[in-house]
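Peer 1: how would this look folded up:
(one chain, ligands or ions: 1)
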Amino acid sequence: MRHIAIIGSGPAGYYTAEAAQKQWGDEVRVDVFDMLPVPYGLIRTGVAPDHQSIKGVSKRYESTALSENVSFVGNVKIGRDVTVPELQRLYDAVVLATGAPNDRPLDIPGSDLGNVFGSAAFVGWYNGHPQFAGLDPDLSGRTAGVNGMGNVALDVARILAKTEGEFAGSDIVGHALDALRASNIRRIVVVGRRGPHQIMMTPKELGELGHLARAAPKVDPADLPEEGEDALLEPGLRKSVTHIRSFAAIPESHYADVEVEVEFDFFAAPHRLLGEGNVEAIELERTEVQAGRAIGTGEFYTLPADLVVSCIGYQTSPIPDVPFDERAGKFANDEGRILPGLYCVGWARRGPSGTIGTNRPDGFGVVELISHDIGAGGGKQGREGFDKLAEARGLDVVSFNDWKKIEAQEEARARDGAPREKFVDVGQMIKARGD
Ligand SMILES: Cc1cc2nc3c(=O)[nH]c(=O)nc-3n(C[C@H](O)[C@H](O)[C@H](O)COP(=O)(O)OP(=O)(O)OC[C@H]3O[C@@H](n4cnc5c(N)ncnc54)[C@H](O)[C@@H]3O)c2cc1C
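Peer 2: Numbers count the residues shown, from 1 in each chain. As a prediction, the model looks like this:
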């Protein structure tokens, strides 16, 4: 028998569990740990609440989680409640699928002003991550600056732009819906250092911006490269650029009826944030793109901004006793192997890029490595040993069955038409589990 501990119940964790099952059938026991009492990582707390069809992928993870030889071990933080060396003594393989939950810092003067947030915090707030549920951003100002040219920046801009009615059927948490209902934000400026040909936004997500109830995107035609140059782009990016071109073609008269403008400010590098107490403006430097890189031109200008959300990427949290690549912000690994018996997958291995599906080959790849390293297993104790440790430490472990009770309560208290109203506090989650 092989005993495998997977740390993290997001896509990478459950794809690894699925791969282990496919590889070894009844000859493996997999425990999927999570620090939260609820599973699925960023599927629950990252993917936008108005993208329910994407969140539906959790049904696939549920079918893995419900199989006999896979267990969910929630409410246990590795590195705090239990150490990695302790798990290594109990399991043949320990796989870190802990994601990249920390914002890459916006390292400019003024980034410590009030109402300046990283996207992990801001997205966590509207998605009900217990760590960020109390963020309480001030939406009373008129202008929001959203820094970044990827899909997360688009999510943040779209959520700020939508009317209450457009959240029907979503699982945006109640506190965020209340704040957005009262929001005065009417101008959202998406700021990027480079130009339309360097965006990381995908066509579907960009297309959505063109179909909002009270908001419309706005692009300065002067920022567009020659149309003929689009032919050199890979097809996905070319399609995205087609959307940017269509936004640039919207006539000025259209905006007379538009309540919220979502402006794209290309070739703009944030230089410092200005304000007293809370942020009031962003000072930006105009850039030019040379050989794909943004170079400052020395021309500075100021954009009013009452809220700033920086969507410039994420880093993995280091865990004691695990080699860490500080520069790359992820665990030091070779194709997923940190050392024999200790592995990483998903964002903790590769950094924050790709789609949910990109994590699947990671999981299958790491199981190949594990298979090579551990053979038929080393007679370790696995779950039995962990249960003794958990009891000795007084850990309150949440099982998958417990999660299903929490889920049922979230569904029962949902707003009309919403799939669920999430609990946003660990204590509430534990209480909802019952005895
Ligand atoms: C805002 C946002 C929106 C996105 N939208 C989309 C989308 O629409 N479509 C798409 O394809 N992709 C989307 N993605 C990307 C997708 O979410 C990621 O590819 C995927 O979640 C990465 O999976 P993961 O398992 O590596 O990490 P995560 O999903 O982050 O899972 C990590 C898990 O590890 C747990 N954990 C962390 N540390 C510990 C610890 N010490 N002990 C125990 N547990 C721990 C966490 O609680 C979490 O459950 C989005 C990402 C973000 C940030």
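
Peer 1: contacts, neighbours, all on C-alpha from now
Peer 2: Will do.

Peer 1: burial of P130, as a residue count?
Peer 2: Applying other Cα atoms under 10 Å, we find 17 residues neighbouring P130.

Peer 1: right, and it touches V424 too?
Peer 2: Yes - in this structure P130 lies within contact range of V424 using Cα atoms under 8 Å: 4.9 Å.

Peer 1: relative to the ligand, which residue of the stretch 101-250 of the chain is the closest?
Peer 2: When scored by Cα to the nearest ligand atom, the stretch 101-250 of the chain has V152 as its residue closest to the ligand, at 4.9 Å.

Peer 1: got the residues of the stretch 151-300 of the chain near the ligand?
Peer 2: V152 (Cα under 6 Å from any ligand atom).

Peer 1: which residues of the stretch 151-300 of the chain fall in helices?
Peer 2: Under the criterion DSSP state H, counting those that start in this stretch, the stretch 151-300 of the chain contains helices at 151-161, 174-181, 203-209, 235-248.

Peer 1: tell me how far the third one lies from the chain's centre.
Peer 2: In terms of Cα atoms, centre = their mean, to the nearest Å, the centre of helix 203-209 is found 18 Å from the chain centre.

Peer 1: what helices or strands is that helix leaning on?
Peer 2: helix 151-161, strand 215-219, helix 235-248 (3 or more Cα pairs under 8 Å, 6 or more residues apart in numbering; DSSP states H and E).

Peer 1: for the chain, which residue is closest to the average position?
Peer 2: G46 (3.8 Å; Cα atoms, centre = their mean).

Peer 1: hmm, that one is touching W125, no?
Peer 2: No - if you go by Cα under 8 Å, G46 and W125 don't touch, sitting 9.8 Å apart.

Peer 1: thinking D138 is in contact with L307, fair?
Peer 2: Yes - using Cα under 8 Å, D138 is in contact with L307, at 7.2 Å.

Peer 1: of the two, which one has the most company?
Peer 2: Higher neighbour count among D138 and L307: L307, with 27 against 16, using other Cα under 10 Å.

Peer 1: skipping adjacent residues, who's closest to the more buried one in space?
Peer 2: Closest residue to L307 apart from its sequence neighbours, by Cα to Cα, 6 or more residues apart in numbering: A144 at 4.7 Å.

Peer 1: still on that earlier bit, is it possible to get JSON lines of the helices and strands packed on helix 203-209 that adds mean pLDDT and mean neighbour count?
Peer 2: Output for these, formatted as JSON lines (pLDDT from 0 to 100; neighbours: other Cα atoms under 10 Å):
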{"stretch": "helix 151-161", "mean pLDDT": "98", "mean neighbour count": "23"}
{"stretch": "strand 215-219", "mean pLDDT": "98", "mean neighbour count": "23"}
{"stretch": "helix 235-248", "mean pLDDT": "97", "mean neighbour count": "19"}
